[in-house]
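1. whatever this is, show me its structure:
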Amino acid sequence: MFACIPIDQPMANPYTPAAIGAYWVLDMNQQCFTGYHRAWSLAFGLPCIMILCLGLPLGVLFLMFTKRAYLSERVTRQHYGFLYMSYRPQHFYWECVLMTQTMILVATSVFGVNLGVFYQVVVMNAALMLMVILLLTFRPYAYPQAGMVTLQAVFCLLLTSYTSLTFL
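-> Below is the predicted model:
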């Protein structure tokens, strides 16, 4: 919804650019934030960002904090166990950290188009490195093997992303 690519820049005479401005990735005939793109982005895109990107992690965090005294009870485990059973008891909130990590990586891929590929990769590497530091500092997983696999997966993403800088 918000992925827009700048096409041409204003130039001095005698050059005349064909299309000045940013155009929507899904419909390259539609200039960003004009016409129906403005209507869709404001009426649909903005509420979706508010609900999904902010509301969902904050709602889960609020739910986990209100239920933290009852996390060991059978009924709570049946209803909400999928959100916290993989993590150590003191890190019951870690699912919200993973949601935030995913949100940052998606935002980098959508909004980072205007930064250019190099800076987009640098921002993604910074986000992945932050995740590695958080994983090594907190060690949130109840099962060490799960934590090691997650750490290896993030390292693999980081290595792949860092290596891609060679080819830019």
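2. so where's the chain shaky on pLDDT?
-> Scanning the chain with the threshold set as pLDDT under 70 gives 9-12, 14-19.
3. ranges for the helices of it?
-> Counting by DSSP state H, the segments of the chain that form helices are 36-40, 46-48, 56-67, 74-84, 94-111, 117-138, 144-164.
4. distance to residue 6 added to these, as a markdown table?
-> C-beta coordinates here come from the backbone N, C-alpha and C atoms, glycine included. Putting these into a markdown table (distance: least, CB to CB, whole Å) gives the following:
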| stretch | distance to residue 6 |
| --- | --- |
| helix 36-40 | 15 |
| helix 46-48 | 21 |
| helix 56-67 | 31 |
| helix 74-84 | 40 |
| helix 94-111 | 13 |
| helix 117-138 | 13 |
| helix 144-164 | 22 |
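5. what's the local residue count around the nearest residue to residue 134 once chain neighbours are set aside?
-> Closest residue in space to residue 134, ignoring its immediate chain neighbours: residue 97 at 6.8 Å, by CB to CB, 6 or more residues apart in numbering. Taking other CB atoms under 10 Å as the neighbour definition, residue 97 ends up with a count of 18.
6. what sits against the residue nearest the centre of the chain?
-> What sits nearest the mean C-alpha location of the chain, by CA atoms, centre = their mean, is residue 103, with 2.2 Å. Taking CB atoms under 8 Å, 6 or more residues apart in numbering as the criterion, residue 103 is in contact with 53, 57.
7. equivalent analysis for residue 128, please.
-> Under the criterion of CB under 8 Å, 6+ apart, the contact list for residue 128 reads 105, 154, 157-158, 161.
8. from residue 157, how far off is it?
-> Counting by CB to CB, to the nearest Å, the gap from residue 128 to residue 157 is 6 Å.
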